[in-house]
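Chemist: Sequence and predicted structure, then a few things I'm wondering about:
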Amino acid sequence: MEEDRRLIHGDLRSMFSPPDAVLYEPGQYVQTVYFPCGETLVSFMVSSDDGRTVETMQVGREGAVGGIVSQGRLPAFTRIMVQSGGKFLALPVAALDEAKIRSRRIDDLFARYADCMLAQIFQATACNAIHAIEQRTAKWILAAAEHNGGDEVLMTQDRLSAMLGVGRSYISRIIRRYKEDGIISVRRGRIFIHDIDRLRAKSCGCNTAIREHFDVVLKGVYPNGE
């Protein structure tokens, strides 16, 4: 609603962030909410004792990161980093808190979005525990493409292997098979999807489960390629 937009419009600022930029480190106090725009993609990364990192959730232009539930002033638990660089809209947590107080619709919107974030974390936990690397690779490519509403993903194989918590050799073999089968192609750090139905067949059902939950809780929030 226009009256809701006016509550935050004056506090929004536009910014650009390159790939690999860190928005929050664990323990850093959350003071800003970031809204990815366009192809910009953000990942929540959890580190293990041996130094490996695994992605637990990704957020594109359908969502936001930072202070969604905690109302800020609390430390971040995970590293939140930019996977695909691009434009953001940034909003002080204090401004969002005030808007939630003044607008029941805004408060309800972010409560619903928090539910969807939690669903992603639940699904990622199960996926990492029970699904094969090939399934998880296909799932990640599909999810990233759906987040930005297109058929390509800005992603190197090194970054993909780090996000999945596996060696690069595993990812290289999987990507090579997908390329030989005509499912995808890779050029200049981008993955292009040529046969999305076959890619879905390679994937587990986790991405579909998350998409269906979003459609129930926040129908229409995902981009549709427009």
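Modeler: The structure has been received and is ready for your questions. Numbers count the residues shown, from 1 in each chain.

Chemist: going forward, measure contacts and count neighbours with C-alpha atoms only.
Modeler: Noted.

Chemist: Can you pull the domain assignment for the chain?
Modeler: What automatic domain parsing lists as the domains of the chain is 2-127, 132-217.

Chemist: Show me what the longest helix seen in the chain is packed against.
Modeler: Secondary structure of the chain per DSSP state H: the longest helix is helix 104-130. Applying 3 or more CA pairs under 8 Å, 6 or more residues apart in numbering; DSSP states H and E, we find helix 104-130 packed against strand 53-59, helix 93-102, helix 206-217.

Chemist: ok so, going back, could the domains of the chain be laid out in a markdown table, adding mean neighbour count and mean pLDDT?
Modeler: Shown next, in a markdown table, are these (neighbours: other CA atoms under 10 Å; pLDDT from 0 to 100):
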| stretch | mean neighbour count | mean pLDDT |
| --- | --- | --- |
| domain 2-127 | 18 | 88 |
| domain 132-217 | 18 | 88 |
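
Chemist: Contact partners for Gly189?
Modeler: With contact set as CA atoms under 8 Å, 6 or more residues apart in numbering, Gly189 has these partners: 154-157.

Chemist: Distance check, it against Glu146.
Modeler: 18 Å (CA to CA, to the nearest Å).

Chemist: can you check Lys202 too?
Modeler: 16 Å.

Chemist: Likewise for Gln120?
Modeler: 14 Å.

Chemist: returning to what we had before: among the contacts of Gly189, which lie within strands?
Modeler: In strands, defined here by DSSP state E, the members of the contacts of Gly189 are Leu154.

Chemist: Compile the contacts of Gly189 into a markdown table and extend it with columns for distance to Trp140.
Modeler: Shown next, in a markdown table, are those (distance: CA to CA, whole Å):
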| residue | distance to Trp140 |
| --- | --- |
| Leu154 | 12 |
| Met155 | 11 |
| Thr156 | 13 |
| Gln157 | 12 |
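
Chemist: Tell me the one of the contacts of Gly189 nearest Asp215?
Modeler: Checking the contacts of Gly189 against Asp215 by CA to CA gives Leu154 as the nearest, at 25.1 Å.

Chemist: Chain neighbours aside, what residue packs nearest to that closest one?
Modeler: Arg190 (4.4 Å; CA to CA, 6 or more residues apart in numbering).

Chemist: Which residues are in contact with the one you found?
Modeler: 152-156.

Chemist: Pull the number of nearby residues for Leu218.
Modeler: 18 (other CA atoms under 10 Å).

Chemist: which SSE is Leu23 in?
Modeler: strand 22-24 (DSSP states H and E).

Chemist: Who are the packing partners of that strand?
Modeler: Using 3+ CA pairs under 8 Å, 6+ apart as the test, strand 22-24 ends up in contact with strand 79-84.

Chemist: The strand it packs on pairs with which strands, and in what direction?
Modeler: The pairing partners recorded for strand 79-84 under DSSP bridges are strand 22-24 (antiparallel), strand 41-47 (antiparallel).

Chemist: mind putting the ones you listed in a markdown table, distance to Asp195 included?
Modeler: Output for the strands paired with strand 79-84, formatted as a markdown table (distance: least, CA to CA, whole Å):
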| stretch | distance to Asp195 |
| --- | --- |
| strand 22-24 | 33 |
| strand 41-47 | 22 |
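
Chemist: who wins for proximity to Ser185 among those strands?
Modeler: strand 41-47 (20.1 Å).

Chemist: Now do the closest one: everything it contacts.
Modeler: Residues outside strand 41-47 that contact it (CA under 8 Å, 6+ apart): 36, 53-61, 78-85, 144, 147-148, 163.
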